[in-house]
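Chemist: how does the following fold in three dimensions:
(3 chains)
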Amino acid sequence: MTTVDVAGHLRTMRAHVPLVQCITNTVVQQFSANVLLAAGASPAMLDHEADSAQFARIANGILVNFGTATSHQLLAADAATAAAAETGTPWVLDPVSFGGVAHRSVHIRRLAWSRPTCIRGNASEIAALAGAGAGGRGIESTDEVDVILEHAGRLATSTGAIIAASGPRDAIIDTHPDAPDRLLLARVAGGSPLMPLVVGTGCSLAALTAAYLGAVPSEDARDRFAAVVTAHVHVAAAGAVAARTAEAPGSFAVAFLDALHTVSEDDLTAVDVTVETVERTHR
Amino acid sequence: MTTVDVAGHLRTMRAHVPLVQCITNTVVQQFSANVLLAAGASPAMLDHEADSAQFARIANGILVNFGTATSHQLLAADAATAAAAETGTPWVLDPVSFGGVAHRSVHIRRLAWSRPTCIRGNASEIAALAGAGAGGRGIESTDEVDVILEHAGRLATSTGAIIAASGPRDAIIDTHPDAPDRLLLARVAGGSPLMPLVVGTGCSLAALTAAYLGAVPSEDARDRFAAVVTAHVHVAAAGAVAARTAEAPGSFAVAFLDALHTVSEDDLTAVDVTVETVERTHR
Amino acid sequence: MTTVDVAGHLRTMRAHVPLVQCITNTVVQQFSANVLLAAGASPAMLDHEADSAQFARIANGILVNFGTATSHQLLAADAATAAAAETGTPWVLDPVSFGGVAHRSVHIRRLAWSRPTCIRGNASEIAALAGAGAGGRGIESTDEVDVILEHAGRLATSTGAIIAASGPRDAIIDTHPDAPDRLLLARVAGGSPLMPLVVGTGCSLAALTAAYLGAVPSEDARDRFAAVVTAHVHVAAAGAVAARTAEAPGSFAVAFLDALHTVSEDDLTAVDVTVETVERTHR
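Modeler: The predicted model follows:
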């Protein structure tokens, strides 16, 4: 696997209009819903424990993000992910500010080892979840992808999840489907330095990842890896397009939503993506 | 009744600046508040059971939307609508995703038969609430207004509420104040295909409906029907104005808020509205 | 003290990137986070009682706003402000709609006399909290700053907090550090009449005040007063810049976020600010 058919995955996602159940923090609910709608998916923010499992059975993908988790949401995530395990529905864990405070870290850690399809966070959250470092202060990005590659690989192996570490250059890591001592590693460059100045760009990328996973017709590991990569490419392309016209965060957020909607298969193909097979450096 | 004085109702609403208590989902709270402010009303999002009844007594109109209802909100809605029943304050029920999941459907159904002044949803939610069909998947619109007219009429008769089914063409249905075997039916055309790509356009229309109802000085059935129609006309006019300059959902949302603020009485008068009296086709 | 070094405080805040914990209402969480990011600070919206105290110990400033307070948030605020008292971390109370309803007023009043560093509200909320008047209807501004000066002075004396009353012209009042019978009074003019039409402009000003306080290296009373003034000057400058290009609330909100990011030290210096020492007129 040396390339990803990003154009094909965009086409599939838009044709499928995947229904994404988001159990996510209230700060970014509106923006995440608008990102999903603009990109071509369908959001539903049901996060009450009394109906989250029932809804999970009709959703195509699920996102869990405990950024402002209420007790309702903690219970709703348990119910929804248990239902997803039964139906084979893909789900994404966004470990927002893991390591920063104990309460949420307990719940994030438990879910991380409950078979998520993908864990998407920034480099410091991924490193902290893998057992290295103390995690970030809030929802910040640091450009330490190379530093955390070993940690991300260990996390992929121990959780079975595709690991996506977002930053100025994203890294997506998965265990190799055919070689237990190797990893798949994709790197996605693009976006804009204005993205960290708009709240929810990372959180909504996790939601869009659930959308792309939800549009994949099979549970094939390569297809799922490619779906995660394409979500990152879609956001990188939209960020680059938005940065052409916007120079400050307010107008950038508007242009970013526009671009998620208007980007073409060619725009996605133009994003700098590399896919390689690397040695596992962790035990 | 063959016409609605939309210019007069806009003038009345803006002069009154109705205070609208919104017990609504957290995804659309910000957008709904901005819609109310831009249109000329005053929002207040109090949704705790400990103060919702007290606030309901000073509000001019109330909205209930259980899109992400917490237990707080379920109790707050009971308290607020009970207070509204005592004071005669109009209130609007938005049955978001009724029929999709059991938990919220129980609570929505109970409120639908608790004498709301208006029930505003999309066609599939209205049909499901009337007992036909299974409801929608999330907050989506379908253009089945003609299909659901019979259901909407039955719902108007059994609940006593004005029924508003939103979509590419809105339908507002009420029992006829003078003829028990007839219904009032208004149709409003306009808006933009970009509206379903911005989260909260439907939910905020329900909030604006509560604002227009809250500005009506009497409990006269015709005035209230006209108020509901004018809320839909206001949104249709603003959507059409916004669509002239915006071609994607991010910039459309901004232009829509601008247009809600700047549209004139002439803009509302230009919207295609028909009002007719039709036979009740249901028993 | 006759002037405030607003350029210096802007520089300090942006250099420090203060981490601000916001326990605030869900209506304005997204906007407040974007205001903080655009201005140069770092938001974190942790509001669960189980981790708010732990996070408060690493935050530089804290905001408490009970606009849609859940029981979670009420407990979280108690925990966070108790931690802040131990660490000397500055915190800001925004008494949203104090006096309007009993439930939240009880909790707001209790916190107001729990040694906040600053209380920022509109004139009617400040007056009501000082014991005069019944408070506002929701989150509205009235231009009664001169009327409430005596009340604000009394509130500053009795709570020990810097009192900021926002409106078309803001007033910031503090007890004089050297003269017990005198008060410091700063007035800030600017902004735009469109600001009250965008939900969260007041609430996010309170968040930004916590950011500026969090960037002050000492607990010096004059520095903290100047920090509060500079937060208001930053918002006034951004509002004025935004009003040059935007004529309606949707585009104004976008331009305002842009301007918070792009305003320079010169833009802040250009804002009309007066600082004077006045007699205490209350007993």
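Chemist: check chain A and tell me which residue is nearest its centre.
Modeler: To find the centre residue of chain A, average its C-alpha atoms and take the closest one (CA atoms, centre = their mean): that gives residue A:206, at 2.9 Å.
Chemist: what sits against that one?
Modeler: Contacts for residue A:206 were tallied using CB atoms under 8 Å, 6 or more residues apart in numbering or on different chains; they are A:63, A:65, A:92, A:94, A:120. To be clear about C-beta, it is placed using only N, CA and C from the backbone, and glycine gets the same treatment.
Chemist: so which of those residues belong to strands?
Modeler: Secondary structure defined by DSSP state E assigns A:63, A:65, A:92, A:94, A:120 of the contacts of residue A:206 to strands.
Chemist: check which helix or strand the residue in the stretch 101-250 of chain A that chain C sits nearest to maps to.
Modeler: Here the residue of the stretch 101-250 of chain A nearest chain C is residue A:250; by CB to the nearest CB that distance is 2.9 Å. Following DSSP states H and E, the helix or strand that holds residue A:250 is helix A:249-262.
Chemist: elements contacting that helix?
Modeler: helix A:29-39, helix A:221-245, helix B:249-262, helix C:29-39, helix C:249-262 (3 or more CB pairs under 8 Å, 6 or more residues apart in numbering or on different chains; DSSP states H and E).
Chemist: one step back: would you reformat the ones in strands among the contacts of residue A:206 as a markdown table and include distance to chain B and pLDDT?
Modeler: As requested, the ones in strands among the contacts of residue A:206 are arranged in a markdown table below (distance: CB to the nearest CB, whole Å; pLDDT from 0 to 100):
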| residue | distance to chain B | pLDDT |
| --- | --- | --- |
| A:63 | 13 | 98 |
| A:65 | 14 | 97 |
| A:92 | 18 | 98 |
| A:94 | 17 | 98 |
| A:120 | 21 | 98 |
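Chemist: quick check: of the residues you listed, which lies closest to chain C?
Modeler: Nearest to chain C among these: residue A:65, at 12.1 Å, using CB to the nearest CB.
Chemist: show me what contacts whichever residue of the stretch 151-283 of chain A sits closest to chain B?
Modeler: When distances are taken as CB to the nearest CB, the stretch 151-283 of chain A reaches nearest to chain B at residue A:257, 3.0 Å away. For residue A:257, the residues meeting the contact criterion (CB under 8 Å, 6+ apart) are A:34, A:35, A:38, B:248, B:249, B:250, B:253.
Chemist: again, only using 10 Å
Modeler: For residue A:257, the residues meeting the contact criterion (CB atoms under 10 Å, 6 or more residues apart in numbering or on different chains) are A:31, A:34-35, A:37-39, A:204, A:238, A:242, B:197-198, B:248-254.
Chemist: kindly report the same for residue A:236.
Modeler: Residue A:236 touches A:166, A:169-170, A:188-192, A:195, A:205, A:263, A:267-268, A:270-273, counting by CB under 10 Å, 6+ apart.
Chemist: what's the nearest residue to it if we skip its chain neighbours?
Modeler: When the adjacent residues along the chain are set aside, residue A:236 lies closest to residue A:190, with 3.0 Å between them (CB to CB, 6 or more residues apart in numbering or on different chains).
Chemist: quick check: that neighbour vs residue B:77, distance?
Modeler: Residue A:190 sits at a distance of 45 Å from residue B:77 (criterion: CB to CB, to the nearest Å).
Chemist: which one of these two has more residues nearby?
Modeler: The neighbour comparison of residue A:190 against residue B:77 (other CB atoms under 10 Å in any protein chain shown) goes to residue B:77, with 29 against 22.
Chemist: how close does the more buried one sit to residue B:207?
Modeler: Noted for residue B:77: a distance of 14 Å to residue B:207, by CB to CB.
Chemist: quick one: name the residues of the stretch 101-250 of chain A near chain B.
Modeler: For the stretch 101-250 of chain A, the residues found near chain B under the criterion CB under 10 Å from any CB of the partner chain are A:242, A:250.
Chemist: low-confidence ranges in the stretch 101-250 of chain A?
Modeler: A:133-146 (pLDDT under 70).
Chemist: repeat the analysis, applying 90 as the threshold.
Modeler: Segments of the stretch 101-250 of chain A classed as low confidence (criterion: pLDDT under 90) are A:101-102, A:124, A:131-150, A:167-168, A:177, A:180, A:190, A:217-219.
Chemist: can you give me the strands for it?
Modeler: Counting by DSSP state E, counting those that start in this stretch, the stretch 101-250 of chain A forms strands over residues A:118-122, A:162-166, A:169-175, A:182-189, given from the N-terminal end onward.
Chemist: sheet-wise, list the partners of the second one with their directions.
Modeler: Put plainly, it is strand A:162-166. strand A:118-122 (parallel), strand A:169-175 (antiparallel) (DSSP bridges).
Chemist: please work out which of these is packed deepest.
Modeler: Neighbour counts averaged per stretch over the strands paired with strand A:162-166 are highest for strand A:118-122, at a mean of 30; criterion: mean count of other CB atoms under 10 Å in any protein chain shown.
Chemist: how far does that strand sit from the chain's center?
Modeler: For strand A:118-122, the distance from its own C-alpha centre to the chain's C-alpha centre is 5 Å (CA atoms, centre = their mean, to the nearest Å).
Chemist: return it as PDB; C-alpha atoms alone will do.
Modeler: Output in PDB follows, covering the C-alpha atoms of strand A:118-122 (Å, rounded to 0.1, in the frame of the first residue of the first chain):
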ATOM      1  CA  CYS A 118      -9.600   5.100  15.400                       C
ATOM      2  CA  ILE A 119      -8.100   7.300  18.000                       C
ATOM      3  CA  ARG A 120      -7.500  10.900  16.800                       C
ATOM      4  CA  GLY A 121      -5.800  13.500  18.900                       C
ATOM      5  CA  ASN A 122      -2.900  15.900  18.800                       C
END
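Chemist: hmm, back to that, can I have the buried ones of the contacts of residue A:236 as a ChimeraX selection?
Modeler: Filtering the contacts of residue A:236 down to the buried ones (16 or more other CB atoms under 10 Å in any protein chain shown) takes a single ChimeraX command:
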select /A:166,169,170,188,190,191,192,195,205,263,267,268,270,271,273
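Chemist: circling back: which residues touch the residue nearest to residue A:236?
Modeler: Residues near residue A:190 by CB under 10 Å, 6+ apart: A:168-170, A:232-233, A:235-241, A:243, A:270-273.
Chemist: go with 8 Å
Modeler: Residue A:190 neighbours (CB under 8 Å, 6+ apart): A:233, A:236, A:237, A:239, A:240, A:271, A:272.
Chemist: what does residue A:11 give?
Modeler: For residue A:11, the contacting residues are residue A:265, taking CB under 8 Å, 6+ apart as the criterion.
Chemist: secondary structure element for it, which one?
Modeler: When elements are assigned from DSSP H and E, residue A:11 belongs to helix A:6-16.
Chemist: quick one: residues in contact with the following helix or strand past that helix.
Modeler: Moving toward the C-terminus from helix A:6-16, the first helix or strand encountered (DSSP H and E) is strand A:19-23. By CB under 8 Å, 6+ apart, the list of residues contacting strand A:19-23 from outside reads A:29, A:32-33, A:36, A:41-47, A:52, A:55-56, A:58-65, A:73, A:76-77, A:80, A:207, A:210-211, A:214, B:137-138.
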